[in-house]
Each structure stands twice: as C-alpha cells, then as structure tokens.
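Trainee: coords please:
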Amino acid sequence: MDDTPSMVYLTTLVLKAQIWRDRQGQDLIEYALLAGFVAVAVGVVMPEAANNIHIIFSKVNSLLVLSAAS
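Mentor: Numbering: from 1, shown residues only. All right, here's what the predicted structure looks like:
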C-alpha cells in the first residue's frame with residue numbers, strides 16, 4: 001500500500017493551517033482598506049478630486065492585473 005497520496009494530503013493540510021494562522025499580511029490589508037475608504041470619502045467631499053482618485057485607482061488596478069497575469 002502506497003502512502004504517498006495521503007502524505008501529500010497531510011502536508012497540504014498542515015501548510016493550509018499555517019497560512020490561516022499567519023497574521024503578518026493582515027495589517028497591510030487593513031491599511032489598504034483604510035486608504036480606500038479615505039479616498040472614497042475625499043471623492044464625496046471634494047468632487048473635483050474624484051477624477052484624480054479614479055486615475056490613481058485605475059493605475060493600481062492595471063498593475064495588479066499585470067502582476068496576476070505573470
């Protein structure tokens with residue numbers, strides 16, 4: 001009986017459990033969400049800045065799409 005597939009499965013489970021416990025990237029995500037909320041609030045309060053905010057988010061989105069493709 002070959003235990004290789006079950007070892008691969010167990011290894012995958014252990015790695016996934018470690019990823020769920022890892023909280024190092026959590027702060028970065030929270031800061032990014034906060035920056036997004038501030039940008040939306042600025043766009044609502046100052047409509048003339050909304051176009052500049054749109055341009056910045058479009059550039060960020062383009063970079064994310066390019067990085068995901070490679």
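
Trainee: ok, residues contacting the host helix or strand of A32?
Mentor: When elements are assigned from DSSP states H and E, A32 belongs to helix 26-45. Residues from elsewhere that reach helix 26-45 (C-beta atoms under 8 Å, 6 or more residues apart in numbering): 49-50, 53-54, 56-57. Backbone N, C-alpha and C define where each C-beta goes, glycine included.

Trainee: Put together TSV for those, with distance to Q26 and neighbour count on each row.
Mentor: As requested, these are exported to TSV (distance: C-beta to C-beta, whole Å; neighbours: other C-beta atoms under 10 Å):
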residue	distance to Q26	neighbour count
A49	29	13
A50	29	15
I53	25	16
H54	28	12
I56	24	11
F57	22	14
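
Trainee: Quickly name whichever of these is closest to S70.
Mentor: Closest approach between those and S70, by C-beta to C-beta: F57, at 20.9 Å.

Trainee: What strand or helix carries the closest one?
Mentor: helix 47-69.

Trainee: List the buried residues of stretch 58-70.
Mentor: Residues of stretch 58-70 include none that count as buried (16 or more other C-beta atoms under 10 Å).
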